[in-house]
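> I would like the atomic coordinates for the input below:
(one chain, ligands or ions: 1)
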Amino acid sequence: MKLIAGPASTEIAYKMASIMNENLIKIDHKLFPDSENYIRVPEKVEGEDVVIIQGTHPPQDRHLIQIFLMVDTLLDLGARSVKLVAPYLAYTRQDKRFLDGEAISFKIFLKILHKLKVEKIYTVNIHCPWIIPESPIPIVDVRGEIPLARYLQLNKLNNPVVVSVGKKGVEMAKMVAEALGVRYTAAQSERDRLTGKVRVELDGLPGSEAIIVDDMISTGGTMIELIKILKSRGFKKIYATCIHGLLIGDSAERIFNAGAEKIIASDTIPNRYAEYSVAEILVKALKNNND
Ligand code: R5P
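Below is the predicted model:
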């Protein structure tokens, strides 16, 4: 197997290669003056089963194009197969037609990768797990709650309540809470598709310390609404945790202003709050599914 570090994810690619004790091929990449991507595979890959490690976090479209260029070039150079480790998958929030006439972006993205002959995709906490059974490419979705809980165990916690949000949140909170041996509760959230404003409702559990667990922090709107509710109910210390720290614009600052003690994200997306790593669980998945 040959591991390939795509331009978007060199840091996590190095971590994975070091855990696996494998060499890493770092793709030569530059941007032309007009912003087009230049890609070159600097080593022989003929006859090899290659694994590209490249997330599709912002700038998503640039990172996607890089994947398309890498996959096709590797196969053209004689690679036997190409798998993709995309720690964060873009466009997963547009997995269906919410309004008439919308593009079903994630399905289109999968269709292109399938046409390019990507054999398998590994990712972390996919936003739309319900799409996996109908995906044209097998998708292995690994769970970031495990390393998150391990990281939280290292912090001095005082009987916190784990608070989840959204449809998949309950399962996430349960996993983290059980690993920590604490209680959990779930909030319902609803986003206005046109204005983007989030409404959050939370059934209370009393306490003074809370760990909010979400699959991603994007604009921070959901996290901020939850922090406000928890503050109004007397919670003093609130940890804002997630798997994917997209943290768009000044969202981190606004989350701290709302009263968060700490923001904790994984390294699926390079960001300054990446406190724990998913490299190990991705390596485990690669080894278990290497067929
Ligand atoms: C919703 O389904 C997700 O779990 C997140 O709560 C949401 O995507 C976070 O987005 P934002 O940070 O923009 O509120």
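
> and the helix or strand containing Leu84, what does it pack against?
Taking DSSP states H and E as the definition, Leu84 sits inside strand 81-85. Strand 81-85 is packed against strand 49-53, helix 60-76, strand 118-124, helix 279-288, with contacts defined by 3 or more Cβ pairs under 8 Å, 6 or more residues apart in numbering; DSSP states H and E. Using the backbone N, CA and C atoms, a C-beta is placed for each residue, glycine as well.

> interface residues of the stretch 101-250 of the chain facing the ligand?
Within the stretch 101-250 of the chain, the residues that sit near the ligand (Cβ under 6 Å from any ligand atom) are 165-166, 198, 214-223.

> inside helices: which ones of these?
Those of those mapping onto helices are Gly221, Thr222, Met223, per DSSP state H.

> got those as a markdown table, with pLDDT columns?
A markdown table is the format used below for those (pLDDT from 0 to 100):
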| residue | pLDDT |
| --- | --- |
| Gly221 | 92 |
| Thr222 | 92 |
| Met223 | 95 |
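
> closest to Val176 among the residues you listed?
Closest to Val176 out of those is Met223 (15.5 Å), distances taken as Cβ to Cβ.

> distance of the closest one from Arg199?
14 Å (Cβ to Cβ, to the nearest Å).

> tell me which of the two has more neighbours.
Set Met223 next to Arg199 and count neighbours by other Cβ atoms under 10 Å: Met223 wins out with 29 against 12.

> pretty sure the more buried one sits against Ala240.
Yes. Taking contacts as Cβ atoms under 8 Å, Met223 lies within contact range of Ala240: 5.1 Å.

> quick check: mean pLDDT of stretch 273-291?
Confidence over stretch 273-291 (mean pLDDT, whole number) is 91.

> tell me which residues of it are tucked away?
Tyr273, Ala274, Glu275, Tyr276, Ser277, Val278, Ala279, Ile281, Leu282, Val283, Ala285, Leu286 (16 or more other Cβ atoms under 10 Å).

> mind putting these in TSV, distance to Phe98 included?
TSV is the format used below for the buried residues of stretch 273-291 (distance: Cβ to Cβ, whole Å):
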residue	distance to Phe98
Tyr273	30
Ala274	31
Glu275	33
Tyr276	33
Ser277	34
Val278	29
Ala279	34
Ile281	31
Leu282	31
Val283	36
Ala285	31
Leu286	34
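
> name the nearest of these relative to the ligand.
Set against the ligand, the nearest of the buried residues of stretch 273-291 by Cβ to the nearest ligand atom is Tyr273 (13.2 Å).

> torsion angles phi and psi at that closest one?
Main-chain dihedrals, Tyr273, degrees, to the nearest 10: phi -100, psi 10.

> I figured it hits Ser251, correct?
No. Judged on Cβ under 8 Å, Tyr273 makes no contact with Ser251 at a distance of 10.6 Å.

> the residue nearest the centre of the chain: which element?
By Cα atoms, centre = their mean, the chain has its centre lying nearest to Tyr88, at 3.6 Å. Counting by DSSP H and E, there is no helix or strand that carries Tyr88.

> would you mind confirming that it is in contact with His244?
Yes. Contact status for Tyr88 versus His244: in contact at 5.1 Å, counting by Cβ under 8 Å.

> quick check: neighbours shared by the two?
His57, Val124, Thr268, Ile269 (Cβ atoms under 8 Å, 6 or more residues apart in numbering).

> can you tell me which two in these are farthest apart?
Within the shared contacts of Tyr88 and His244, His57 and Val124 form the most distant pair, 11.6 Å apart (Cβ to Cβ).
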